[in-house]
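Student: Need the 3D shape of this:
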Amino acid sequence: MSGNRYGHSSPPMFLVDSGGGHPGEHQYYHQQVLGQGNPPLVPCWTFPPARAKMKKRGTMNNGMTWVLIMILLLVFAALGLGAYQILRLQNQVERLTQEMPAEVESITAQKQVGLPAELIKMKQIRADFIGAHLIGHADQRSSSGTLNWETQLGTAFINGIQYHNGGFQINETGYYFVYSRVEFLIYTCSHKDSHTHRVSVLRRGENRTIMEDHQEGFCKSSNNQKWMTGSHLSSLQRFQESDWLFVNVSHPLFLSKNFQNNFFGLFKI
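Tutor: Presented below is the predicted three-dimensional model:
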């Protein structure tokens, strides 16, 4: 073992060349200074590829997380917008309902049971109320098809309007809501049978139809089964003084005997 001038041996020195360059210089140093060949190298392992793969995987996971977050935000935004639209439509419907006149709001084709009571209430509240509500009459033998109406029984009443021979006479020019409903009860019929229900106005000798309903095919066979069908007409019309209003049907003898289901009325707006 070689020594230095201080009398003790020099510690061995190891050089590791990871780049693989100048192996001769290392060998010369060990031979001349230390008196021996290349020392055994200590194995060393590094893992840069594994770290790169983990880093890449982490980046992909972060990207997928952001994508999912954006999708959830879009879904919540769409739900919020839909809820806002629904609330806005509900508010608009409520506002329109409040602005609708009470007189017209109470008139519906599906439910006419409370109609006379509403008109009577209007008559009590408004001193200038003009209107009438008549129900079906038992005698409907008119050859012309013009219906007769009951003016005193049940819910029938007249106020500010004249009635004569099945018709109303208008005493004051203005806008009126006019309505009529008829119900047919037929014992024998065929699929070719039909019926017509119309409301007409007579003005200065000229008869003009203002509303009409025509139905056919309501019977499926000509057996002994009874068939019932109905027709409802209603609209807002402008009438002049001395106009006459009538209701005509094609088969007056087929009208139902339930007279509350047959009615004719109007009131001034």
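Student: rest of the way, CA atoms for contacts and neighbours
Tutor: Fine.
Student: Check the gap between residue 185 and residue 259 for me.
Tutor: 12 Å (Cα to Cα, to the nearest Å).
Student: Run through the stretch 101-250 of the chain and note the low-pLDDT ranges.
Tutor: Where the stretch 101-250 of the chain drops to pLDDT under 70, the residues are 101-127, 138, 140-144, 218, 220-225.
Student: all helices for it, in order.
Tutor: 102-105, 115-125 (DSSP state H, counting those that start in this stretch).
Student: what residues does stretch 229-249 touch?
Tutor: 109, 144-147, 166-185, 195-204, 211-213, 218, 264 (Cα atoms under 8 Å, 6 or more residues apart in numbering).
Student: Go through that stretch and flag the buried ones.
Tutor: Neighbour counts using 16 or more other Cα atoms under 10 Å place 230-234, 239, 242-249 of stretch 229-249 among the buried residues.
Student: contacting residues around the closest residue to residue 267 other than its chain neighbours?
Tutor: Closest residue in space to residue 267, ignoring its immediate chain neighbours: residue 131 at 3.8 Å, by Cα to Cα, 6 or more residues apart in numbering. Contacts of residue 131 were listed using Cα under 8 Å, 6+ apart, and they are 119, 158, 159, 160, 161, 265, 266, 267, 268.
Student: Would you point out the most distant pair within the residues you listed?
Tutor: Greatest spatial distance in those: 119 and 161, 14.0 Å, computed using Cα to Cα.
Student: Of these two, which one has the most company?
Tutor: Ranked by neighbour count (other Cα atoms under 10 Å), residue 119 and residue 161 place residue 119 first, with 21 against 15.
Student: Specify the residue ranges that define each domain of the chain.
Tutor: 1-39, 58-99, 106-268 (automatic domain parsing).
Student: so residue 262 touches residue 183, yeah?
Tutor: Yes - between residue 262 and residue 183 there is a contact under Cα atoms under 8 Å: 6.2 Å.
Student: that older thread, between the buried residues of stretch 229-249, which is nearest residue 82?
Tutor: For these, the nearest to residue 82 is residue 234 (36.7 Å; Cα to Cα).
Student: For residue 81, see how far away that closest one is.
Tutor: Distance, residue 234 to residue 81, using Cα to Cα: 39 Å.
Student: What helix or strand is residue 77 located in?
Tutor: Assignment of secondary structure by DSSP states H and E places residue 77 within helix 48-99.
Student: Count the neighbours of the nearest residue to residue 200 once chain neighbours are set aside for me.
Tutor: Among residues not flanking residue 200 along the chain, residue 209 sits closest, at 4.1 Å (Cα to Cα, 6+ apart). Neighbour count of residue 209, defined by other Cα under 10 Å: 14.
Student: ok, now residue 269?
Tutor: Residue 269: 16 surrounding residues under other Cα under 10 Å.
Student: Go ahead and confirm it touches residue 175.
Tutor: Yes - Residue 269 is within contact range of residue 175, at 5.7 Å (criterion: Cα under 8 Å).
Student: any shared contact partners between residue 262 and residue 183?
Tutor: Common neighbours of residue 262 and residue 183 (Cα under 8 Å, 6+ apart) are residue 256.
Student: on that earlier part again, tell me the buried residues within the contacts of stretch 229-249.
Tutor: 145-147, 166-171, 176-185, 195, 197-202, 211-212, 218, 264.
Student: Of those, which belong to strands?
Tutor: Among those, DSSP state E puts 167-169, 176-185, 195, 197-202, 211-212, 264 in strands.
Student: picking up where we left off before, could you measure the residue nearest to residue 200 against residue 149, distance?
Tutor: For residue 209, the distance to residue 149 - Cα to Cα - is 19 Å.
Student: One more: residue 161?
Tutor: From residue 161 to residue 149 the distance is 14 Å (Cα to Cα).
Student: ok, and the closest non-adjacent residue to residue 203?
Tutor: Residue 203 sits nearest to residue 243 (Cα to Cα, 6+ apart), 5.2 Å away.
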